[in-house]
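# Here is my input; please provide its structure:
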Amino acid sequence: MRIFCLVGLCEKGGTCILIERSGEGLMVDCGSKIPEVWETETPPDPLSPEVVDNLANLSIIDKNEVEIVGIIATHIHGDHLLGIPYAYSKYKAPVFSLKPTGAILKELLGVNSRILEPWKGFHINSSFKIRLIPVEHVPGACHVIIDVAGTLVYIASDWKMGRTNNVLNEQNIGNLPEVDILITESVHIDRFGKCPSGDILINSINDQVGQESKFFVLIPCCSMNKVEILMKLANLTNRGFTLLGSTLRRMCQTITGNIREWSGNGEVVVVGGPYGIPGSKALDMIEGRAEMNIERNQAVVISAPRPMSNWAENCLLQMIGRMIQKGIKVFSNPQLHVSNHAYFEEHKHLVSILKPKILIPFHGVQKKAELFRLVLKSVSFDESVLRVAKSGQIIHIDQ
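Predicted coordinates:
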């Protein structure tokens, strides 16, 4: 068995893992290194050079003569999903996902996926049996358990410990099997304590803009869970609620149905496109090109993680500078964004349950991958379990 670490290992950007046995391969995610392109009002064609040129180096698959027999989409974020249309067209392999992810694949990317039931096993062929484990991150997010002819591989894509029974939580995590290999994200392993809840975000925003009757909140287009939190904020403070941004609206409507808007004493205006890339709704509103523009003395909250690409980070800094020049009040700090990634203690809990013989971190820089040494030490595991791989590397596993 071989594990192809195609992109997202010891680097920022997209993710793509391939599990191969006897010439057959199962791909898990295929994301873009510049996922922020999904923040525009008219996202690019997923088969365009703008997207394809920023995907994993899939030529490694061709050089090793691997036949792709399936593609699993773990969730709807662009750094995991945007390359799936290209992989699907290139390899003609079926795509598997949970229902909300499948809806986005079809509505926004034109890919029909096979919808699997959470927690239940599914045989792709004689080499691969999979189970999708629903997790808290965005609607439809999942982990993947892959039985590769008796070798169990657990791929922990983006997640945090859930607060409801329909996703992985502190109670049902004990039902997971011990595995041979754990491949896990490392985005926020350097954070300690418990992930903050939506109520923390509500309080943080209210503390910052409590005197503003109307304010704007810029969020990523994939943050449907944050839309629900901000609707709650509007309701609790008797403000109206408005949602702007065509991509954000399409995603929300695809997953949850119609978005209810209402009036109140003031207004919470939620806008997609927090990084201010060209073509985003937020930038159009700041530059006066939209049906509702952001004017001098109005308040803007940026509630988003740090951009994954340097390009988007530069766009964000330019947008903030432009807002300050226009006399717009800008609020941007870590308390205004709720993390949807596992913290150190959550990784520790997962490792203690799964008891992997091999642990491979991905979706994070090398400094974060190395922190898994502390995780392993804290649960009395030998550090030799850790394999810090880099993008483009192939790991050989004896079965």
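# Could I get the contacting residues of residue 95?
Contacts here follow Cβ atoms under 8 Å, 6 or more residues apart in numbering; on that basis residue 95 touches 70-73, 84, 88, 105, 111-114. Where C-beta positions appear, they are placed from N, C-alpha and C, glycine not excepted.
# sec struct for the closest residue to residue 143 other than its chain neighbours, please.
Spatial nearest neighbour of residue 143, excluding adjacent residues (Cβ to Cβ, 6 or more residues apart in numbering): residue 133 at 4.2 Å. Look at residue 133: counting by DSSP: H, G, I helix; E, B strand; the rest coil, its state is strand.
# Now for residue 280: which residues touch it?
Residue 280 neighbours (Cβ under 8 Å, 6+ apart): 39-41, 245, 272-273.
# swap that for residue 243, please
Here residue 243 is in contact with 227, 249, 252, 259, 261, 270 (Cβ under 8 Å, 6+ apart).
# how about it, secondary structure?
What three-state DSSP gives for residue 243 is strand.
# shift numbering so it begins at 14
Sure thing, new numbering starts at 14, so read that last one as residue 256.
# Quick check: phi and psi on the residue nearest to the spatial centre of the chain?
Geometric centre of the chain, nearest residue: residue 90, 4.3 Å, by Cα atoms, centre = their mean. For residue 90, the backbone dihedrals are phi -70, psi 140 (criterion: degrees, to the nearest 10).
# So what touches stretch 93-100?
Around stretch 93-100, the neighbours that count as contacts under Cβ under 8 Å, 6+ apart are 27-29, 40, 42-45, 48, 50-51, 59-60, 64-65, 68-69, 71, 81, 84, 86-88, 106, 108, 114, 117-118, 122-124, 170-171.
# how about the nearest residue to the residue nearest to the centre of the chain, chain neighbours excluded?
Closest residue in space to residue 90, ignoring its immediate chain neighbours: residue 235 at 5.2 Å, by Cβ to Cβ, 6+ apart.
# wait, isn't the one you found in contact with residue 114?
No. Using Cβ atoms under 8 Å, residue 235 makes no contact with residue 114, being 10.8 Å away.
# what sits in contact with each of those two?
residue 89.
# re earlier: quick one: buried ones out of the contacts of stretch 93-100?
Those of the contacts of stretch 93-100 that meet the buried threshold are 27-29, 40, 42-45, 48, 50-51, 59-60, 64-65, 68-69, 71, 81, 84, 86-88, 106, 108, 114, 117-118, 122, 124, 170-171, by 16 or more other Cβ atoms under 10 Å.
# So which of the residues you listed are in strands?
Judged by DSSP state E, the buried ones among the contacts of stretch 93-100 include 29, 40, 81, 84, 108 as members of strands.
# quick check, nearest of these to residue 192?
For those, the minimum distance to residue 192 (Cβ to Cβ) is 19.2 Å, reached by residue 40.
# Please identify the residue most distant from the middle of the chain.
Most peripheral residue of the chain (Cα atoms, centre = their mean): residue 278, 34.4 Å.
# which residues touch the closest residue to that residue other than its chain neighbours?
Among residues not flanking residue 278 along the chain, residue 251 sits closest, at 5.2 Å (Cβ to Cβ, 6+ apart). Residue 251 makes contact with 277-279, according to Cβ under 8 Å, 6+ apart.
# and if you look at residue 285?
Listed by Cβ under 8 Å, 6+ apart, the contact partners of residue 285 are 52, 231-234, 257-262, 293-295.
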